[in-house]
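Visitor: Here's a sequence, model it:
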Amino acid sequence: MRLPIALFPRLRALIERNRHFAAALAAGAGVRLLAVLGYPGALWFAGDSYVYLGAALRLQPNKSKTTGYSLFLKALEPFRSLTLVAGLQHLMGLAVAVMIYVLARRSGVSQRWATAATLPVLLDGFVIEDEHMVMAEALFTFLIMLSMLLILWKSRIGWPVALLAGLLAGYAVDVRSAGLPLLLVFPVALLVRGLRQDGAWRWRNWHAWLAAVVMAIGCVVPVASYASWFHSRWGSYTLSRADGFYLWGRVSSFAECSVIKPPADELKVCPSGTPSSRTPPGAYVWHAPQARHVPGGPVSVAGNALLRDFAIRAVLAQPLGYLRSVLDGLALSVEWPQRPYPAAGTVYFYYFHLTPYAIPADHSWVVGGTAYSDAEQYGHATPSRVVRLFAYPIDGYERLFHTYGPLFGLIMLTGLGGALRIRRRPGRLPVLARPAHGGVHPPVPPRSPRAGSMLPWATAVALLVFPIAVVDFDYRYLLPVLPFASLAAGLAFAPPRQPAPSPPAVEERNDLTSQVPGQLG
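Guide: Got it, this is the predicted structure:
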């Protein structure tokens with residue numbers, strides 16, 4: 001009993017040294033406790049949650065989405081508790097906030113600003129509601145943030161740490177394929193951190209090359225393993241067979257077959273009507289007969305290839321239309337008030353409600369059980385319950401306390417400002433370095449980048465843009481972006497690292513005694 005007792009003074013001292021963050025963390029934990037008490041078990045997102053749970057009970061890869069999250073659910077299956085699943089995801093959310101705070105403080109950010117960087121993660125009602133769902137975002141965000149912590153913890157990391165960081169990032173892609181760009185971003189960032197030191201490139205730093213290569217291998221192993229698993233079940237080395245289906249939905253927002261002029265076999269998948277008459281891609285793709293009724297189905301080898309070929313042809317024929325659709329999606333992320341996008345039925349699942357959601361008992365998403373029977377079998381309890389005494393306050397809280405669009409835009413801009421390397425001169429506005437007369441740059445004192453570099457901000461941008469570019473905008477897709485954007489914004493307040501001081505120069509002496517060993521001057 002002595003060890004636990006001895007920990008109390010240390011814990012108290014730790015809280016006193018970080019009282020601002022301790023208060024924010026306690027508030028975040030309190031709001032999450034309300035969710036656990038108000039909604040025993042977990043919440044559900046129609047379709048996706050049923051696929052994840054069915055694939056966990058009857059372990060298998062799914063054609064329409066990666067099911068690495070189902071492996072997490074499978075590991076927890078012996079406990080037969082959806083409350084445990086939601087509780088662990090809430091703890092992951094709190095752990096993400098802790099990692100943001102630790103990285104910011106380690107980079108020299110003040111306690112107040114470091115705490116402020118964690119508030120969107122700790123207190124955003126949409127984040128808390130999503131953590132309570134049988135959905136992959138909480139696990140995905142936790143894995144990516146943990147991988148980033150390993151990369152940024154030291155300026156030089158060994159290959160075992162690089163390997164672990166790569167394995168975490170690779171498994172995160174198995175959980176949500178939206179993380180695919182990070183398989184390139186993370187090893188490149190690690191390499192740049194190793195090669196760029198004190199304002200100079202050190203191309204022969206073999207330690208940096210080794211760490212980057214090992215991390216890249218670590219990233220590939222979980223993804224390749226999942227692709228092999230998919231092949232063993234469905235006969236294709238891929239993560240899913242829905243990339244063409246979703247990309248077809250993306251181009252439906254602008255595609256005009258009179259401009260695209262597709263070949264005869266692709267005419268059957270031309271979206272009907274004018275682009276302005278169609279619903280948003282995230283809704284249109286689920287109801288358009290052209291995609292749903294392709295020969296073999298949209299997630300068959302032939303059907304997915306047909307939809308993908310048409311979508312690529314549409315992008316090449318109407319590149320400005322494609323660019324406009326992506327920019328429109330980005331604009332939605334900072335818009336206020338929020339629209340019911342892509343459809344009111346989708347946005348419904350992003351809120352707490354005061355009545356239980358009726359899980360379908362007559363439809364199967366994974367062969368072998370219905371959505372209701374799977375939920376009942378996994379949780380050994382009624383799968384959708386509401387305790388109104390606690391549900392009322394958390395329901396009202398979410399509708400008031402979340403990251404509004406303009407605030408999200410401000411966070412992204414603040415992170416960008418911290419990531420850009422801008423040269424400052426005392427008493428003058430910050431300017432980008434430019435050549436003097438003759439094309440020669442004026443001498444500038446060597447300066448290293450801010451402590452966090454551009455990695456958190458680049459991660460936020462990749463997670464924001466990639467889903468919009470290949471699927472559509474969805475408010476749920478912003479939730480994994482928020483922690484990394486917040487970290488980047490917090491690191492904007494970190495002081496620049498100063499290069500290591502050069503050893504003092506030895507004064508040269510010209511007298512004879514200074515050149516004779518053992519003689520005093």
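
Visitor: wait, residue 369 sits on residue 51?
Guide: No: using CB atoms under 8 Å, residue 369 makes no contact with residue 51, being 11.8 Å away. (Glycine included, C-beta is placed from N, CA and C.)

Visitor: quick one: contacts of stretch 310-317?
Guide: 244, 247-248, 250-251, 254-255, 259-262, 266, 269-270, 322 (CB atoms under 8 Å, 6 or more residues apart in numbering).

Visitor: Please indicate which of the residues you listed are buried?
Guide: The neighbour count (16 or more other CB atoms under 10 Å) marks 244, 247-248, 250-251, 254-255, 260, 262, 266, 269-270, 322 as buried among the contacts of stretch 310-317.

Visitor: rewinding a little: of the contacts of stretch 310-317, which belong to helices?
Guide: 244, 247-248, 250-251, 259-260, 322 (DSSP state H).

Visitor: more crowded one of residue 369 and residue 51?
Guide: residue 51 (22 against 19; other CB atoms under 10 Å).

Visitor: How much space separates that one from residue 363?
Guide: Per CB to CB, to the nearest Å, residue 51 is found 12 Å from residue 363.

Visitor: what's the neighbour count on residue 344?
Guide: Quick note: residue 344 (other CB under 10 Å) scores 10 neighbours.

Visitor: roughly how far apart are it and residue 208?
Guide: For residue 344, the distance to residue 208 - CB to CB - is 50 Å.

Visitor: Check residue 158 too.
Guide: From residue 158 to residue 208 the distance is 11 Å (CB to CB).

Visitor: and these two? which has more neighbours close in?
Guide: residue 208 (22 against 12).

Visitor: Quick check: the more buried one touching residue 187?
Guide: No: applying CB under 8 Å as the test, residue 208 and residue 187 come out as separate, 10.8 Å apart.

Visitor: returning to what we had before: of the contacts of stretch 310-317, closest to residue 98?
Guide: Using CB to CB, the shortest approach to residue 98 within the contacts of stretch 310-317 belongs to residue 250, at 36.0 Å.

Visitor: how far away is the closest one from residue 488?
Guide: Taken as CB to CB, the span from residue 250 to residue 488 is 27 Å.

Visitor: just checking, what packs against the helix or strand hosting residue 484?
Guide: Residue 484 belongs to helix 481-491 when elements are defined using DSSP states H and E. Contacts defined by 3 or more CB pairs under 8 Å, 6 or more residues apart in numbering; DSSP states H and E place helix 481-491 against helix 82-106, helix 111-123, helix 137-152, helix 405-419, helix 455-470.

Visitor: Let me know which of those helices is the nearest to residue 45.
Guide: Nearest of these (CB to CB): helix 137-152, 10.0 Å.

Visitor: Next, the angle from the closest one to helix 481-491.
Guide: Relative orientation of helix 137-152 with respect to helix 481-491: 30 degrees, computed using axes from the mean of the first three to the mean of the last three CA atoms, to 10 degrees.

Visitor: Return the distance of helix 137-152 from the chain's centre.
Guide: 8 Å (CA atoms, centre = their mean, to the nearest Å).

Visitor: ok, then the element right after it?
Guide: helix 159-175.

Visitor: Any buried residues in that following helix, and which?
Guide: Buried, per 16+ other CB under 10 Å, within helix 159-175: 159, 161-175.

Visitor: ok, and for the helix or strand just after it, which residues are buried?
Guide: Using DSSP H and E, the helix or strand that follows helix 159-175 in sequence is helix 182-195. Applying a neighbour-count criterion of 16+ other CB under 10 Å, one finds 182-183, 185-187, 189-195 buried in helix 182-195.

Visitor: do the same with stretch 201-215
Guide: Buried residues in stretch 201-215 (16+ other CB under 10 Å): 205, 208, 211-215.

Visitor: I'd like the next helix or strand past the lowest-mean-pLDDT helix or strand in the chain.
Guide: Of all helical and strand segments in the chain, the minimum by mean pLDDT, DSSP states H and E falls on helix 2-17, at a mean of 76. Heading C-terminal from helix 2-17, the first helix or strand you meet, by DSSP H and E, is helix 19-38.

Visitor: Check which helices and strands the helix or strand just after that following helix is in contact with.
Guide: Next helix or strand after helix 19-38 toward the C-terminus (DSSP H and E): helix 48-57. Contacts defined by 3+ CB pairs under 8 Å, 6+ apart place helix 48-57 against helix 68-76, helix 371-379.

Visitor: So for residue 340, which of those helices sits nearest?
Guide: helix 371-379 (23.8 Å).

Visitor: Can you give the contact residues for the closest one?
Guide: 41-42, 44, 50, 53-54, 56-57, 73, 77, 80-83, 359-361, 363-366, 369, 382-384.

Visitor: buried stuff in it?
Guide: 371-376, 378-379.

Visitor: Which secondary structure elements does the lengthiest helix in the chain sit against?
Guide: As assigned by DSSP H, the longest helix anywhere in the chain is helix 206-234. Contact here means 3+ CB pairs under 8 Å, 6+ apart; on that basis helix 206-234 packs against helix 159-175, helix 182-195.

Visitor: Which pLDDT value does the model give residue 358?
Guide: Residue 358 carries a pLDDT value of 91.

Visitor: So what's the residue count around it?
Guide: Residue 358: 9 neighbours (other CB under 10 Å).

Visitor: what about it, which SS state?
Guide: On the three-state scheme (DSSP: H, G, I helix; E, B strand; the rest coil), residue 358 is labelled coil.

Visitor: how far away is residue 71 from residue 64?
Guide: Taken as CB to CB, the span from residue 71 to residue 64 is 17 Å.

Visitor: Also residue 350?
Guide: From residue 350 to residue 64 the distance is 20 Å (CB to CB).

Visitor: Of those two, which one has the most company?
Guide: residue 350 (20 against 17).

Visitor: what sits against residue 264?
Guide: By CB under 8 Å, 6+ apart, residue 264 has no neighbours at all.

Visitor: Do you know the pLDDT at it?
Guide: On the pLDDT scale, residue 264 gets 94.

Visitor: Over to residue 476?
Guide: Residue-level pLDDT assigned to residue 476 equals 97.

Visitor: Does it belong to a helix, a strand or coil?
Guide: Bear in mind the rule, three-state DSSP; under it residue 476 is helix.

Visitor: ok, so what distance separates it from residue 137?
Guide: 7 Å.

Visitor: Any regions of the protein where pLDDT drops low?
Guide: 1-6, 421-453, 497-521 (pLDDT under 70).

Visitor: Apply 90 and report the result again.
Guide: Applying pLDDT under 90 to the chain flags the ranges 1-16, 46, 154-156, 193-205, 292-293, 295, 380-384, 417-454, 494-521.

Visitor: May I see the domains of the chain written out as residue ranges?
Guide: With domains defined by automatic domain parsing, the chain comprises 18-66+80-135+339-403, 137-235, 243-333.

Visitor: The ones you listed into a markdown table, with extra columns for distance to residue 492?
Guide: Converted to a markdown table, these look like this (distance: least, CB to CB, whole Å):
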| stretch | distance to residue 492 |
| --- | --- |
| domain 18-66+80-135+339-403 | 9 |
| domain 137-235 | 15 |
| domain 243-333 | 19 |
